[in-house]
Every structure is written in structure tokens, then in C-alpha cells.
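*Asks:* kindly generate the corresponding structure for this input.
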Amino acid sequence: MDFNNREISALIWTGLLLGAVFVNAPVRSAFRAFARAMIQRPILVIFGVAAVYVVACVAFLAWWGIWTADNLKSTIGWVLTFVPATLFNVSRIDEDRTYFGRTIRETLSLTGLLVFIVGLQSFSLSAELLIVPVMTFLTLMHQVSERDAAHASAKHCLGTLLVIVGFSILAYSVYATFLEWPKFDVRQNVSELLVPILLSLLFLPFLYCVSIVIVYDRNFGNIAYALPDKGLARFARRRALLAFRNDLGLLKRWRHIVMHRRPSDQLAVIQAIGQAKREQDSAKRRPHVETADGWSPYAAMEFLEPEGFFPPGYLWYADRYRASVIVKFGDRARANHATYYVEGDEARATLLTLELWMWGPDETSSDEQHFARLIASLMRRAVEPEAVEAFRAMLDEQDNGVAFDWNGYRFRIEREKPGPSGQFTVTFTIAHPQEPRAFTDEHASER
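*Replies:* The predicted structure is shown next:
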């Protein structure tokens, strides 16, 4: 394997960095803890099977005449970067429906081609020893500046500088390749470009299978907790495998039902499977609900979508069906936030709730105004625009809270007194006329 000056420079700087890091005793201790975590049996099994699968993929490409021994360096680089990065994130695949499409696009993107072209040529070793840390530093600084709007000017400046340097290196690589074209091995370099791309695409089915195994293992662990009877738990796992196969959404819906209903016999387990399938079918069909009976739960979950509220699912809890989602008003760890709830029975929603949690005096005015806009949006979509003005008129007469009936719908807003550190909550509810838990309040009035 021949290394160019850029690769040698990267190896030198990596070695120096690791040496400097491991001089620190706490870092060595943390690394030992990480190593102990990595030698756990499940992790070793996954990486062992992954190694066998990669060898099979390489053998397949070699059989087709695409992979040769000359591709060993790029293959090792791919194994040390792509494989660990994807395996460490494999548990998140089932939660990200765009993962495979995004990974395929990134694998086949123009960026990968440009990176490959840039790597065709390198400068002298002394120049590369300077370029590698400078480019790394600029890239890290640019990523940091992207996280804070206050650093917008630095982000623009660093981005422009990176583009200029990147295109300069690209231009040099193209020019040097053109000058050396008679000695340029087209087949070998095309193979160097294609092999990592093909290996990445071939590795995706393995990632999909591993993600399914991990999701089943995680959910079956919950089932073992919910069903102390080991025989019943084994029966539940067998029936789940036969009923759900690779439908992970249905598996998680069923697990949720079992965790809350705690079936005590095999018939109850089978009924939970039937309920999960019925709920999923309803979510797909989105059956119509008459206005007099309530809201469609799936339509109600979308009332605040334009404002960024995306409830993940309408599921049965201890006493009724419910969907909820939290949206933060900012990037701070303790940013104020709002929670949107949709509640009702399996066929219809009858209670909508918006709850604002304020941590303290910071941003109180602007976030309360934002919350007021959310309330108005919810009322317009859930009831009628006229209800907004009617409720607003009632609010002008009450400072801390008000309950108000309007054409059978019941609206209520309550504000807690601030706590010791200034935290408080504001809760707004819309109860449909069919809501069985409709509130009663001495301040309620008819329009």
C-alpha cells in the first residue's frame, strides 16, 4: 500500500494527537472504561458478524472483478470510518425514516466525487503537515459558528475561506492530474472511487437487519418487565415475531399496549396484537369523524403542525388515548417550552391542551406572546375563527384565568403563581361537547 503525502501527514498528526491525549491520566481512564464497554458480548457479536459480512462483500466485488489487492488501502479506510460510524448509530435508524435515503444520496453525492478528485494529488510533505491541521481547525471553527446566530459573521467569513482554500486545492489536483495524464491509471483510480461507494451500498441491508434485531431486543426487554410470567413472556415474543416481522412501528405499538394493559393470559396477548393492528389500520385510513362527535385524532394531531408540533402517535395509556409533543422556545438547556396534548377514545379526540412551562423571567414576554399565537391558531383550526375573538374578550376581564363556553365547546386557561425561582405554567384547554371530563367552573358563561 502506497501512501501519498496527505495521508502520511494525517497519520502523523493523528499519532501526535493521540500521544498528547493519552498523556492525560483522566483520558486514559476514560479510554479504559470505553474499551471495557466495547468488549461486551452483544457489541462483539455485532462487530464480528459485520466483519464477516464485509469480507463477503469484498469477495463478491472481487468475483465481479471490481475489487483487487490495489483497493486494500481504500477498503481499510472505509472499514475504519463508515462501518463504526453507522454501527454506533444503528439504534436510531428505526426512528429516522429518511436514514437510508439520505445515506444513499450522501454516498452518491457530488461532494464525494470532489473529495476523491482532491485526494488524487497532494503537496509536499512539509506543506501537507501545515495544510491538514489548518483545514481541520477552520472546519471545526465553522461548525461551532453554525450553532449560534450571534456568530453569523464569523460563519460567513470562515465558510468563504474554506470554499476558497478547497477550490484552490481542487484546482491544483485537477491541473497536476492533467499534467501527469500519460502516467495516470484510469482504471485503478475509477476503481478506488467505486469500491467505497459500492461497499457502502452493500452494507446498508446489513444495517437494516441489525436495526431490526436491536429494536426487537429492546422491546422484548420491556415485555419481560411487563409480563413477569416467563412462559407468557415467551409466548408473547413468539406471537410478536410471527405477527409483526419487520413492521417495527406495529411492534412498538403492541409493546406500548402490553406495558399499559399488562395482559395476564395468552388470550389477552393475542387481543393486544389485534388492538395494535386495528390502531395502525385506523392511523393509515384516518376515518372521518363527524364534527358533532369530536375531532379526528389524526387531524387534531396536525392542528399545530405549521407551528412545529408533530405528535409521534395516538396511543392508549392507563385511562384513555393520548398523543403529546414538546416544542422548546430556543436552544438553551432550560429553554421555555410548550406541550400539545390530544386526548380522547380510540375513534375520536375530545380534549385538546396546550401547556406553557416558563422556567423564569428570561424571555417571558416574547414566549407568552408566542404561546398566545399558538392558542389562537389552535382555536381557529379546532373550532372557528370567531371563537378567538369571543375568548379574547373574556380574557380582558380576567387576569389569572377564565373558563368560557362557546357553542357547546368549553375553553379554559389557567396561570399558576410564579414559584421561588420565577417558574410557572399556563394551561389552555379546548373541550369538545362530547368530552366526558368537561370542566365546570363558576366563571363559565354562555355566548
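*Asks:* so in the protein, where's the weakest helix or strand by average pLDDT?
*Replies:* Lowest by mean pLDDT, DSSP states H and E among the helices and strands of the chain is helix 110-118, with a mean of 64.
*Asks:* show me what secondary structure element comes after that one.
*Replies:* Once helix 110-118 ends, the next helix or strand along the chain (criterion: DSSP states H and E) is helix 125-145.
*Asks:* Met141 and Arg6: what is the separation?
*Replies:* 21 Å (C-beta to C-beta, to the nearest Å). Yep, even glycine has a C-beta here, placed from its N, CA and C like the rest.
*Asks:* tell me the secondary structure at Thr425.
*Replies:* Recorded secondary structure, Thr425: strand (DSSP: H, G, I helix; E, B strand; the rest coil).
*Asks:* does it touch Leu356 like I think?
*Replies:* Yes. Using C-beta atoms under 8 Å, Thr425 makes contact with Leu356 at a distance of 6.4 Å.
*Asks:* of those two, who's got more company?
*Replies:* Taking neighbours as other C-beta atoms under 10 Å, Thr425 and Leu356 compare with Leu356 leading, 22 against 14.
*Asks:* which residues does the more buried one contact?
*Replies:* 336-338, 367-368, 371, 425-427 (C-beta atoms under 8 Å, 6 or more residues apart in numbering).
*Asks:* now with 6 Å?
*Replies:* 338, 371, 426 (C-beta atoms under 6 Å, 6 or more residues apart in numbering).
*Asks:* quick one: it is in a strand?
*Replies:* Yes. Per three-state DSSP, Leu356 lies within a strand segment.
*Asks:* tally of neighbours for Phe404?
*Replies:* 22.
*Asks:* the one 10 residues further on now?
*Replies:* When counting by other C-beta under 10 Å, one arrives at 16 neighbours for Glu414.
*Asks:* cool, and Arg238?
*Replies:* Here the number of neighbours of Arg238 (other C-beta under 10 Å) works out to 11.
*Asks:* and it, what element?
*Replies:* With DSSP H and E as the test, Arg238 turns up in helix 230-244.
*Asks:* could I get the full set of helices for the stretch 201-350 of the chain?
*Replies:* 230-244, 248-261, 266-285, 297-300 (DSSP state H, counting those that start in this stretch).
*Asks:* name the stretch among those that sits most buried.
*Replies:* Mean neighbour count (mean count of other C-beta atoms under 10 Å) peaks for helix 297-300 among the helices of the stretch 201-350 of the chain, with a mean of 23.
*Asks:* looking at that helix now, give me its mean pLDDT.
*Replies:* Mean pLDDT, helix 297-300: 94.
*Asks:* helix or strand: which one has Trp78?
*Replies:* Counting by DSSP H and E, the element that carries Trp78 is helix 72-88.
*Asks:* buried ones in that helix?
*Replies:* 74-75, 78-79, 82-83, 86-87 (16 or more other C-beta atoms under 10 Å).
*Asks:* check stretch 318-333 too.
*Replies:* For stretch 318-333, by 16+ other C-beta under 10 Å, it's 321-325, 327, 329.
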